[in-house]
Structures are given as C-alpha cells and as structure tokens.
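In: with the input below, show me the fold.
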Amino acid sequence: MASSQNTSDTSSRQYETTEPSLDENIDALLEEEETLITAHRKEIEDTMEIVHEEMKLLAKVDRPGSMIDNYVTQLSFVLSRKAAGLVSLQARLARFQHRQKEQEILSRKRVPR
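Out: Numbers count the residues shown, from 1 in each chain. Got it, this is the predicted structure:
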C-alpha cells in the first residue's frame, strides 16, 4: 500500500506548477514585443508589395480591350491577401496587449506595500 501512496504523491507533484518569476515574465513580454514589431515591419513590406501588384492590375485594366474578368479575379485574390495579413497582425497585437495587461496586474500584486 505504501508503494501506491508514493506513486500518488509523485504523480500529484508532476502537475504542480510554479509561477514564473517577475523577470521571466518581463523577458517573455519583451520577446513578444520584439516579435510584434518584426511582424509589423513584415506586414508593411508585404503591403508595399501588394500595392505594387494593385498598381500593375490598374495599369492592365486601363488598357483598351483589357479583360475585366481577369482584373476582378486578381483583385479579389490580392485584397484577400491584404486582409489576411492585417487580420493576422491585429490578432498578434491583441494577444500582446492582453499579455501586457496581465503583466501589469502581476507586477502590482508582487510589489510589497
């Protein structure tokens, strides 16, 4: 019976979690901040590339005899890519803001008064 008790104690210890230290939380937040900024830079680069594609599409559709069906199809694809990039960046920003608020709350709780 003692061996089953030891097994029970060991398995319950495996599920115990320790809270990360304030420094670890701050380090993780700083890393997320850097990732967010990098993602924003990439989104700007991608947007610039997409704008160039849109300009080419407009130049093509302005030519006499251009195929409006091709223009509409390509524009739909380009706008979907643009929207997906923005949605992804917004989601990343929202996660960062949430973590930032969590960190602020944790910092206040840990500061002795």
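In: any idea how many residues pack against residue 67?
Out: Neighbour count for residue 67, taken as other Cβ atoms under 10 Å: 12. Quick note: C-beta positions are derived from backbone N, CA and C, even for glycine.
In: tell me the contacts of it?
Out: If a contact means Cβ atoms under 8 Å, 6 or more residues apart in numbering, then residue 67 has no contacts.
In: so where do the helices sit in this protein?
Out: Counting by DSSP state H, the chain has helices at residues 2-14, 22-62, 68-110.
In: could you check how far residue 108 is from residue 95?
Out: Per Cβ to Cβ, to the nearest Å, residue 108 is found 21 Å from residue 95.
In: of those two, who's got more company?
Out: Taking neighbours as other Cβ under 10 Å, residue 108 and residue 95 compare with residue 95 leading, 12 against 9.
In: show me the contacts for the nearest residue to that one once chain neighbours are set aside.
Out: Leaving aside its chain neighbours, residue 95 sits nearest to residue 32 (7.7 Å; criterion: Cβ to Cβ, 6 or more residues apart in numbering). Residues near residue 32 by Cβ under 8 Å, 6+ apart: 95-96, 99.
In: quick one: residue 32 from residue 25, how far?
Out: For residue 32, the distance to residue 25 equals 11 Å [Cβ to Cβ].
In: over to residue 84?
Out: Distance from residue 84 to residue 25, by Cβ to Cβ: 31 Å.
In: of those two, who's got more company?
Out: Legend: neighbour count by other Cβ under 10 Å for residue 84 and residue 25, higher for residue 25 (17 against 11).
In: check contacts around the more buried one.
Out: So residue 25 contacts 103, 106 (Cβ under 8 Å, 6+ apart).
In: can we see that at 6 Å?
Out: With contact set as Cβ atoms under 6 Å, 6 or more residues apart in numbering, residue 25 has these partners: residue 103.
In: do the same with residue 54
Out: residue 78 are the contacts of residue 54 under Cβ under 6 Å, 6+ apart.
In: equivalent analysis for residue 82, please.
Out: So residue 82 contacts residue 50 (Cβ under 6 Å, 6+ apart).
In: many thanks, we can stop here.
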